[in-house]
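> Only the shape, not the letters, is given here:
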């Protein structure tokens, strides 16, 4: 599964279907790990648990991943890759502001899904405890920020120098806070009208991008 580059919603990939190739088997292991991490947490889920859900031997898992740290990093990398595809698609649009606003609304719905949110927060929590995972997650976050900044520079084409960098940094943090705040609320079981949530997020993001 991944975030679709055009809608921002979770979509099935060709590799999600059962298959015998190494890519399909690796994806099978990652999906099983995602389920286990959501249900039991990173420390509560064992390689044996992942093995049982994936339907493969523990030895087969170790063929692809040295440990659980590598598995959780691979999950985070897959989400980053999907996000970078969205950024690339946004920059190809004629109106970059409209494109960012539209994608933000769709991503908000993905983040509002409690299943997705539990996994996302589990990764962040482990990155706060585990120096190895922390370094990797921070590196992924830098890549996401650098890619987003490319889009925001197009939005703020009339600015330059320190004024430009300060503006896009603030915009990035505000939009990130809106979206990740939804993740934190979702794990609390907060019920909300998704159609209304999407519209409100889009309005908020547009305000961040267009305010003087």
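Sure thing, it's come through. Note that this is a predicted model, so its numbers are computed, not measured.
> now the strands for the protein?
Here the chain has its strands, by DSSP state E, at 2-3, 10-11.
> ok, residue 158 - contacts?
Residue 158 makes contact with no residue under the criterion CB atoms under 8 Å, 6 or more residues apart in numbering. C-betas here are computed from N, CA, C, even on glycine.
> so what's the backbone phi/psi at it?
Per-residue torsions, residue 158: phi -80, psi -10 (degrees, to the nearest 10).
> Now for residue 80, how many residues are close by?
18 (other CB atoms under 10 Å).
> do the same with residue 22
Residue 22: 10 neighbours (other CB under 10 Å).
> From residue 63, how far off is it?
9 Å (CB to CB, to the nearest Å).
> Now for this structure, the helix or strand with the poorest mean pLDDT.
Ranked by mean pLDDT, DSSP states H and E, the weakest helix or strand in the chain is strand 10-11, scoring a mean of 45.
> For residue 118, give its distance to residue 150.
31 Å.
> next one: residue 33
According to CB to CB, residue 33 stands 31 Å off from residue 150.
> which one of the two has more residues nearby?
Using other CB under 10 Å, the more surrounded residue of residue 33 and residue 150 is residue 33, with 26 against 13.
> Show the contacting residues for the more buried one.
45, 50, 54, 68, 71-72, 75 are the contacts of residue 33 under CB under 8 Å, 6+ apart.
> Could you rerun that using 7 Å?
By CB atoms under 7 Å, 6 or more residues apart in numbering, the contact set of residue 33 is 50, 71, 75.
> Looking at these, which are in helices?
Of these, the ones assigned to helices by DSSP state H are 50, 71, 75.
> in stretch 105-121, what's buried?
Buried residues in stretch 105-121, counted by 16 or more other CB atoms under 10 Å: 105-113, 116-121.
> cool, and stretch 187-206?
187, 197-198, 201-202, 204-206.
> again, but for stretch 165-182
Buried residues in stretch 165-182, counted by 16+ other CB under 10 Å: 167-168, 171-172, 174-175, 178-179, 182.
> Which residues does stretch 176-183 contact?
Residues outside stretch 176-183 that contact it (CB under 7 Å, 6+ apart) are 104, 107-108, 111-112, 117, 120-121, 201, 204-205.
> Any chance of TSV for the residues you listed, columns pLDDT?
Rendered in TSV, the data for those read as follows (pLDDT from 0 to 100):
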residue	pLDDT
104	95
107	93
108	93
111	90
112	91
117	88
120	89
121	89
201	96
204	97
205	97
